[in-house]
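Novice: Build me a model:
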Amino acid sequence: MTDAPLILWLRRDLRLSDSPMLTEAVRSGRPLIPLVILDPETEALGAAPKWRLGLGFAEFAKTLEGIGSRLTCRRGPALKVLQQLIEETGAGGVWWHRLYDPASVARDTKVKAALKAEGVNARSFAGHLMFEPWEVETGTGGFYKVYTPFWKAVRDRPVPDPLPVPKSLPAPADWPASDDLDAWQMGAAMRRGADVVGYHLQVGEEMARERLAFFIANRLDSYATDRDLPATDGTSGLSENLTYGEISPRQIWAAGWRAMQGGARGAETFLKELVWREFAYHLIHHTPHITRANWKPDWDAFPWREDNKDAEYWRRGLTGEPFVDAAMREMYVTGRMHNRARMIVASYLTKHLMTHWKVGLDWFAECLIDWDPAANAMGWQWAAGSGPDASPFFRIFNPATQVEKFDPKADYRHRFIAELDRNPSPMALSYFDAVPKSWKLDPKRPYPEPLIDLAEGRNRALAAYGARNS
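Specialist: Below you'll find the predicted structure:
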């Protein structure tokens, strides 16, 4: 079977560099068939992440062509597609990089068991994370439930150097038939928003490497302070590329670690943020219910509201709280949202508006081009109070005081809220070009009054918390 091809099932690993699976496959000397599958799990993605994944597929197809390979595209249940492709090509193995969210784990477990039963070399590789979730344990052998001890446990662990880019991939004698990627229409649900958001994307491995190099050279030194200022381009922007595997966490870690050894002031803070992602996957592995149920079960009785009219105003960026609305509009214009702003909008929805965190989680999963299943779940539960935090519910961010501290000159608010300016910027106006026409929004309408007095909302949330614990 040494001449039988290997099928490389690509998911969120759209890169040639630092790919353990690809490195091992090239070393085998066997013909390689890179494959992407539009299966039900991928079909279920929200509009923005599904569209962005499709763009990543298209860009990686060009990358493969540049080294004499090609991308095969097939649609259908993963196991059925793989079995059919094995029959067509005589492939002796199917390899992939591991994913850790519950839906992917369930699918991959089924695929691996079925293929192995048929005598196929089904093999999964690390590569999406720096540390496998089951390899980081507390002193007593359990998993970490608080971030800071997790950070201390991994900070000085050796992280292998990133693997080099293969010069070529051995090709099969005959390439299998492939679907037309464009015919999948993975961006159909974006509708007119794609034209607005597309301007802000940086797709592919090459763009990811350039992004990292620019950040290390120009922004890392001031990252510790600038990362909290939403009007300042102080972050790396790599979440977009990291979630689709266009760059690996080891590549980012290696660059950040070198900079820290060289004295860059913001480097350790940056590395801590990368480890936040690792911690999120640590939790999603050990407590997969975090994606759909309260991480702390004693929150099941908390009187959050299900979806409601106030939540719809929140979705549309019409709460009357400028920091909240600017953040939501940033998401519709750029496909991303500043991390400080994410905390504010999540706290406002779950505490001031007393709306269940799942409402927000699902909306982010629909709208963010850098949506990540673990980070999204942990972030929402952390903000809501039901997640991994030592003193959760008393942290009720006040959008008014937060905006005074982190957007004192109102640059962020004016960048995205057209109604605040007589002559609004193109960025602010583009929000109206991105959102559904059915919302019937007009930049000439007056900016709305606040949905709720902030002090009243805070007191209502604390009263509910008190009643829950009485």
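
Novice: Now the residue nearest the centre of the chain, what are its backbone angles?
Specialist: What sits nearest the mean C-alpha location of the chain, by CA atoms, centre = their mean, is D372, with 2.6 Å. Main-chain dihedrals, D372, degrees, to the nearest 10: phi -130, psi 130.

Novice: Let me know the distance separating it from D195.
Specialist: 25 Å (CB to CB, to the nearest Å). To be clear about C-beta, it is placed using only N, CA and C from the backbone, and glycine gets the same treatment.

Novice: likewise E366?
Specialist: Remark: distance between E366 and D195 (CB to CB) = 18 Å.

Novice: The two: which is more packed in?
Specialist: E366 (16 against 12; other CB atoms under 10 Å).

Novice: Hmm, the more buried one is touching W51, no?
Specialist: No. The criterion here is CB atoms under 8 Å, and E366 misses it with W51 at 11.0 Å.

Novice: Longest strand in the chain, please.
Specialist: Across the chain, the longest stretch assigned as strand under DSSP state E is strand 32-38.

Novice: Flag every buried residue along the strand or helix carrying R27.
Specialist: Following DSSP states H and E, one finds R27 within helix 20-28. Within helix 20-28, the residues scored as buried using 16 or more other CB atoms under 10 Å are 20-23, 25-26.

Novice: cool, stretch 377-392 as well?
Specialist: Within stretch 377-392, the residues that count as buried by 16+ other CB under 10 Å are 377-389, 392.

Novice: Rounded mean pLDDT for it, please.
Specialist: Average pLDDT, stretch 377-392: 86.

Novice: Repeat that for stretch 447-460.
Specialist: 96.

Novice: next one: stretch 351-365
Specialist: For stretch 351-365, the per-residue pLDDT averages 98.

Novice: What of stretch 334-341?
Specialist: 97.

Novice: again with stretch 143-161
Specialist: 95.

Novice: start to end distance for stretch 152-160?
Specialist: Using CA to CA, to the nearest Å, one end of stretch 152-160 lies 18 Å from the other.

Novice: please renumber so the chain begins at 52
Specialist: Sure thing, new numbering starts at 52, so read that last one as stretch 203-211.

Novice: Would you mark the buried spots in it?
Specialist: 204-205.

Novice: And for stretch 512-521?
Specialist: Applying 16+ other CB under 10 Å to stretch 512-521 flags 512, 515-516 as buried.

Novice: Also stretch 74-93?
Specialist: Going by neighbour count (16+ other CB under 10 Å), the buried part of stretch 74-93 is 74, 76-77, 81-90, 92-93.

Novice: Check stretch 224-236 too.
Specialist: So stretch 224-236, judged by 16+ other CB under 10 Å, has buried residues 227, 232, 235.

Novice: mind listing what A165 touches?
Specialist: Shown in contact with A165 (CB atoms under 8 Å, 6 or more residues apart in numbering): 130, 134.

Novice: same thing but 7 Å
Specialist: Contacts for A165 (CB atoms under 7 Å, 6 or more residues apart in numbering) come out as L130.

Novice: downstream neighbour of whichever helix or strand it is part of in the secondary structure list?
Specialist: Per DSSP H and E: A165 is located in helix 153-168. Going down the chain from helix 153-168, the next helix or strand is strand 172-176, by DSSP H and E.

Novice: A344: how many residues sit nearby?
Specialist: Neighbours of A344 under the rule other CB under 10 Å: 15.

Novice: Once you drop chain neighbours, what's closest to it?
Specialist: Nearest residue to A344, sequence neighbours excluded (CB to CB, 6 or more residues apart in numbering): D351, at 7.7 Å.
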